[in-house]
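**Student:** Just the structure for this:
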Amino acid sequence: MYNQSCSACRENRYQTCSSTTNTCQCPGNSYWNGSMCPLQLFENATCSQPDACRSDLNLSCIINSYGGFTQCLISMPKPTTAETVTASI
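**Tutor:** You can find the predicted model right below:
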């Protein structure tokens, strides 16, 4: 049902209808893993795809040195231009 027309998920409590795309989507704090919408993961949990971690908690699925996803860790915010200029002075 995922990404199908909203008529496919009207009676499904595990997916919601997106008003912007008019398609079935996973509800908030969950993600599509290819077959279902499990809850997003918390810090230090093992992850296998970019959207598996709780973005509302600033978590990202970090890629290891071999190019595979490993675990949900807190993302470092990217410095703004002003912070970069100040830091280099």
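**Student:** and residue 55, what pLDDT?
**Tutor:** Per-residue confidence (pLDDT) for residue 55: 93.
**Student:** Pull out the buried positions in stretch 41-49.
**Tutor:** Within stretch 41-49, the residues scored as buried using 16 or more other CB atoms under 10 Å are 41, 47. Using the backbone N, CA and C atoms, a C-beta is placed for each residue, glycine as well.
**Student:** what residues does that stretch touch?
**Tutor:** Contacting residues not belonging to stretch 41-49 are listed as 31, 33, 52-54, 57, 59, 61, 69-74 [CB atoms under 8 Å, 6 or more residues apart in numbering].
**Student:** What about residue 9, how many residues nearby?
**Tutor:** 20 (other CB atoms under 10 Å).
**Student:** Residue 18 is in contact with that one, correct?
**Tutor:** No: using CB atoms under 8 Å, residue 9 makes no contact with residue 18, being 9.9 Å away.
**Student:** Now do the shared contacts for these two.
**Tutor:** residue 24.
**Student:** any chance of the contacts of stretch 41-49 in a markdown table, plus secondary structure and neighbour count?
**Tutor:** Output for those, formatted as a markdown table (DSSP: H, G, I helix; E, B strand; the rest coil; neighbours: other CB atoms under 10 Å):
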| residue | secondary structure | neighbour count |
| --- | --- | --- |
| 31 | coil | 20 |
| 33 | coil | 14 |
| 52 | helix | 24 |
| 53 | strand | 26 |
| 54 | coil | 17 |
| 57 | helix | 14 |
| 59 | strand | 22 |
| 61 | strand | 22 |
| 69 | strand | 17 |
| 70 | strand | 14 |
| 71 | strand | 17 |
| 72 | strand | 22 |
| 73 | strand | 16 |
| 74 | strand | 13 |
